[in-house]
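Engineer: show me the folded form of this:
(chains A and B)
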Amino acid sequence: MDKHELFPVSRRGVLAAGVATATLAGGPLSAQEAPMAEGPPPTSPVTLKVNGKTHRLDLDNRTTLLDALREHWKLTGTKKGCDHGQCGACTVLVDGRRINSCLSLAVMHDGDEITTIEGLGTPDRLHPMQAAFVRHDGYQCGYCTPGQICSAVAVLGEIRAGIPSHVSASLEAPPEPSIDELRERMSGNICRCGAYSNIIDAIREVGGQGAGGKA
Amino acid sequence: MKAFTYERATTPAEAAAAAARTPGAKFIAGGTNLLDLMKLQIETPRHLIDVNRLGLDRIEATPDGGLRIGALVRNTDLAADARVRRDYGVLSRALLAGASGQLRNKATTAGNLLQRTRCPYFYDTTKPCNKREPGAGCSAIGGFNRNLAIVGTSEHCIATHPSDMAVAMRVLDAQVETVTADGAKRAIPIADFHTLPDATPHVETTLEPGELITAVTLPRPLGGTHVYRKVRDRASYAFALVSVAAVLQPDGTGRLAFGGLAHKPWRVEAAERRIGQGARAVAGAVLDGARTTPQNAFKTLLVERTLDAVFTSARA
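Structural biologist: Have a look, this model is predicted:
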């Protein structure tokens, strides 16, 4: 059996897939109408605003937000580490909140605004957090860095918003960007090179010594 | 990940009806646990019903002085709510002790209650697991079971429920509000919501097929001192070995619930009458009938010591 028999692609097949997509756009297919054993995997139309630019694609429903960013929009700054929400390398901001983009489906984010590391700053105009990571040597291999920086920017926002953490002594007093607070809040971002102390120094600098520091 | 069809539900009743009529359907909310399991093909839904846009994301006061927490309220928002911080500190503390900032931003109140165990054999598809494949056998019994259950276990399963939030919900006697496929609504006391493994470890709650959680309600505030103390292998971002949720009153009475010990948040009301006798007496009553393994027997002493730390911190 040659490759063409294994994966027969005819003009008719492509057209049929197009029709299936159009049907899906009009309303959900039920599982009975779309048996999984046959035909192309089900897709859905997705519109995302990524770093200010609007993207529209029909994506396989299984596509994670991470894979949509990397494989479809070629924004490879966001990294795939564990792909199970354990390492934080894939951290992006969705409507300003940090999430693990590997544990979310792109189709669930239709209409959402996504900010990736590419949207925070550019090589010519670094975000203050990027500049601080450079200044403090907050990395070694750099693979976790985009996730660390996206997370760090969000952490300072969470502190400014008064969101407490596990190590906050009081649930009611405004939290401060102390070393203990930052270490706890950054625990979802793993750095295998162990640049943690420099990462904390960088975030401390951007966050200032008290709440209300600029991010 | 296996392929699936996808729809966005528009009302809770429609979501429940769609789930009941569609074979292999599952709800997806935050997705932080379900997608992890789908990638490993431990969960293989043929159809996903996205419930994120049902408007179930508000926290409202109830007429009797409690709070009604929408099913889709994210863990971060629930922990940070001013009323929760003021009146239900044990719930804020439990939420903040769980997962990471990124996960708490996504994970929902209902999804947290429904998360699956982190038993290593449930995750290892090369090993038998009665929870994953009913009747296959339990690899944890006689296997690596240091972090697994010591009370409420069965010969079929010794998995624990991994949630911190659910332990606080149990100590507060929350109620789980649902809508069923035929549109009927009901409220399930949290004590009756999670089940013990018995001979059917794959059944984890008393929800019916298609039944959708719409809210979790908290009764009026209990007052007292709220403590959530979690002991784990590292200081952050790890599941509990043992956790204690406590609401302790100045008159020496109180309520206690435990995580890391059982297939559900563990609470023994009779043990609470012994609070005045100290941690050892309470721990003895909480762990009555416990069945430990050489690896997890340390948990019995850890319960006593964690309780002692809770009582000490509440007195301070």
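
Engineer: how near is A:A202 to A:T78?
Structural biologist: Separation of A:A202 from A:T78 (C-beta to C-beta, to the nearest Å) stands at 19 Å. Every residue, glycine included, has its C-beta placed from N, CA and C.

Engineer: what of B:T117?
Structural biologist: Applying C-beta to C-beta to B:T117 and A:T78 gives a distance of 30 Å.

Engineer: repeat that for A:E176.
Structural biologist: 30 Å.

Engineer: between those two, tell me which one has more neighbours.
Structural biologist: A:T78 (22 against 17; other C-beta atoms under 10 Å in any protein chain shown).

Engineer: and the more buried one, helix, strand or coil?
Structural biologist: coil (DSSP: H, G, I helix; E, B strand; the rest coil).

Engineer: that one and A:I117 touch, don't they?
Structural biologist: Yes. The pair formed by A:T78 and A:I117 meets the contact definition of C-beta atoms under 8 Å, at 6.4 Å.

Engineer: tell me, what's touching these two both at once?
Structural biologist: Listed as contacting both A:T78 and A:I117 by C-beta atoms under 8 Å, 6 or more residues apart in numbering or on different chains are A:P146, A:C150.

Engineer: and the pLDDT at the residue in the stretch 151-300 of chain B that chain A sits nearest to?
Structural biologist: Residue nearest to chain A within the stretch 151-300 of chain B: B:S236 (3.7 Å; C-beta to the nearest C-beta). With respect to pLDDT, B:S236 has a value of 97.

Engineer: now do the contacts for the residue nearest to it when sequence neighbours are not counted.
Structural biologist: Nearest residue to B:S236, sequence neighbours excluded (C-beta to C-beta, 6 or more residues apart in numbering or on different chains): A:S187, at 3.7 Å. Residues near A:S187 by C-beta under 8 Å, 6+ apart: B:S100, B:G101, B:A235, B:S236, B:Y237.

Engineer: can you give me the neighbour number for the third one?
Structural biologist: Meaning B:A235. 12.

Engineer: in which helix or strand does it reside?
Structural biologist: Counting by DSSP states H and E, there is no helix or strand that carries B:A235.

Engineer: what secondary structure does the residue in chain A that chain B sits nearest to sit in?
Structural biologist: Across chain A, the shortest distance to chain B (C-beta to the nearest C-beta) belongs to A:G188, at 2.5 Å. Using three-state DSSP, the secondary structure recorded for A:G188 is coil.

Engineer: read off the pLDDT value for it.
Structural biologist: 98.

Engineer: same question, A:G27
Structural biologist: Reading off the model, A:G27 has pLDDT 38.

Engineer: again, but for A:A34
Structural biologist: 46.

Engineer: mind listing the helices for the chain?
Structural biologist: Unless you meant another one, I'm taking chain A. A:3-6, A:11-26, A:65-67, A:117-120, A:128-136, A:145-160, A:179-185, A:196-207 (DSSP state H).

Engineer: um, chain B though
Structural biologist: B:12-21, B:34-39, B:75-80, B:82-87, B:89-96, B:101-106, B:109-114, B:120-123, B:165-171, B:190-193, B:269-272, B:279-286, B:298-315.

Engineer: which of those helices sits closest to B:L248?
Structural biologist: helix B:298-315 (4.5 Å; C-beta to C-beta).

Engineer: does the closest one reach chain A?
Structural biologist: No. Judged by C-beta under 8 Å from any C-beta of the partner chain, helix B:298-315 stays clear of chain A, getting no closer than 11.9 Å.

Engineer: quick check: angle from that helix to helix B:279-286?
Structural biologist: Angle, helix B:298-315 to helix B:279-286, by axes from the mean of the first three to the mean of the last three C-alpha atoms, to 10 degrees: 130 degrees.

Engineer: quick check: buried residues in helix B:298-315?
Structural biologist: Across helix B:298-315, burial judged by 16 or more other C-beta atoms under 10 Å in any protein chain shown covers B:K299, B:T300, B:L302, B:V303, B:E304, B:T306, B:L307, B:V310, B:F311, B:A314.

Engineer: any chance of these in CSV, plus distance to B:L212 and pLDDT?
Structural biologist: What follows is those, written out as CSV (distance: C-beta to C-beta, whole Å; pLDDT from 0 to 100):
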residue, distance to B:L212, pLDDT
B:K299, 35, 98
B:T300, 38, 98
B:L302, 37, 98
B:V303, 35, 98
B:E304, 40, 98
B:T306, 35, 98
B:L307, 36, 98
B:V310, 35, 98
B:F311, 40, 98
B:A314, 37, 93
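
Engineer: TSV please, covering the residues you listed and showing distance to A:Y196.
Structural biologist: Below are those laid out as TSV (distance: C-beta to C-beta, whole Å):
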residue	distance to A:Y196
B:K299	30
B:T300	35
B:L302	28
B:V303	32
B:E304	34
B:T306	28
B:L307	33
B:V310	30
B:F311	34
B:A314	33
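
Engineer: make sure B:D173 is actually in contact with B:P219.
Structural biologist: Yes. Taking C-beta under 8 Å as the definition, B:D173 is a contact partner of B:P219 at 5.9 Å.

Engineer: residues touching the residue nearest to A:P41 when sequence neighbours are not counted, list them.
Structural biologist: Nearest residue to A:P41, sequence neighbours excluded (C-beta to C-beta, 6+ apart): B:A3, at 3.9 Å. Taking C-beta under 8 Å, 6+ apart, we find B:A3 in contact with A:M36, A:P41, A:P42, A:D60, A:N61, A:R62.

Engineer: by neighbour count, which of those residues wins?
Structural biologist: Counting neighbours by other C-beta under 10 Å, A:P42 comes out on top of the contacts of B:A3 with 24 neighbours.

Engineer: touching, it and B:F4? I think so.
Structural biologist: Yes. Look at A:P42 against B:F4 with C-beta under 8 Å: they come within range, at 6.9 Å.

Engineer: overlap in contacts, those two.
Structural biologist: Counting by C-beta under 8 Å, 6+ apart, the residues touching both A:P42 and B:F4 are A:N61.

Engineer: give me the neighbour count for B:A80.
Structural biologist: Around B:A80 there are 20 residues (other C-beta under 10 Å).

Engineer: okay but it is in contact with A:I163, surely?
Structural biologist: Yes. Using C-beta under 8 Å, B:A80 is in contact with A:I163, at 4.4 Å.

Engineer: give me phi/psi at B:H202?
Structural biologist: B:H202 has phi and psi values of phi -70, psi -10 when expressed as degrees, to the nearest 10.
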